[in-house]
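sequence plus predicted model, see below.
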Amino acid sequence: MFFARPVRFQAGLLLSAALGGLLPLTAFPAGARGWELSVAGNGASLRLPLPAGGFELSWIHSVERTEWRETYVVNRAGEIVLVASEFSSGGAGLPEGVGEGETFSLKDGRMRIEGRNVRLRDLKIRLSDVSRHFLWAAGRRVDLNARFGEGVVTMHAAP
């Protein structure tokens, strides 16, 4: 079974709104305001303001071939904090259960874990044509593969 212990179900935060027909909007938990997200790799860089204090990453899982989406906020200490994960299939590399303070919900075939609290100073992502990564921040959808090519990018919050 996917989850080893009982979980509490609740409605997800994902809103079905769109900007320009492409950008799903997420209600971000309270985070620090006034930060920018700095992304660098392969000799290129990008800085995006984070007026809502958060951003999302989406990609295609390399084994399951389904979309995975993660929601992050920047806390007052400037850490990038994973607060939610959403996916549509169980399998390789997926969480085996929910942790302390996390909740699981299932809606329209999508599984969502909220209440996560994974803190990172830097977020490193391996980009490949197989997984196709997108960054959703400040009302923009950025194709990270097109901008940075294959390789590793590093993200961190900057004041």
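Nice, I can see it. What you see is a predicted model, and the numbers here were worked out from it, not measured in a lab.

kindly state the beta-bridge partners for residue 81.
Note on residue 81: beta-bridge partners by DSSP bridges are residue 73, residue 119.

that one contacts residue 123, doesn't it?
No. Taking contacts as Cβ atoms under 8 Å, residue 81 lies outside contact range of residue 123: 10.1 Å. Where you see a C-beta, it was placed from the backbone N, CA and C, and this is true even at glycine.

now the common contact residues for the two.
residue 72 (Cβ atoms under 8 Å, 6 or more residues apart in numbering).

so what's the residue nearest the centre of the chain up against?
Among the residues of the chain, residue 70 comes closest to the average C-alpha position under Cα atoms, centre = their mean, at 2.2 Å. The contact partners of residue 70, by Cβ under 8 Å, 6+ apart, come to 56-58, 82, 84-86.

can you tell me which of those residues has the most neighbours?
residue 84 (24 neighbours; other Cβ atoms under 10 Å).

got the phi/psi numbers for that one?
phi -160, psi 150 (degrees, to the nearest 10).

the spatially closest residue to it that is not a sequence neighbour: which element?
Nearest in space to residue 84, with sequence neighbours left out and distances taken as Cβ to Cβ, 6 or more residues apart in numbering, is residue 71 at 4.0 Å. Assigned by DSSP states H and E, residue 71 belongs to strand 67-74.

now do residue 146
Going by DSSP H and E, residue 146 is in helix 144-148.

quick one: list the elements packing against the helix or strand following that helix.
On the C-terminal side of helix 144-148, the closest following helix or strand by DSSP H and E is strand 151-158. If contacts are counted by 3 or more Cβ pairs under 8 Å, 6 or more residues apart in numbering; DSSP states H and E, strand 151-158 sits against strand 35-41, strand 80-87, strand 123-127.

and strand 151-158, which strands flank it?
strand 35-41 (antiparallel), strand 123-127 (antiparallel).

in that strand, which residues are buried?
With burial defined by 16 or more other Cβ atoms under 10 Å, the residues of strand 151-158 counted as buried are 153, 155-157.

how about JSON lines for those residues, with pLDDT and distance to residue 97 added?
Shown next, in JSON lines, are the buried residues of strand 151-158 (pLDDT from 0 to 100; distance: Cβ to Cβ, whole Å):
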{"residue": "153", "pLDDT": "97", "distance to residue 97": "29"}
{"residue": "155", "pLDDT": "97", "distance to residue 97": "27"}
{"residue": "156", "pLDDT": "95", "distance to residue 97": "29"}
{"residue": "157", "pLDDT": "96", "distance to residue 97": "29"}
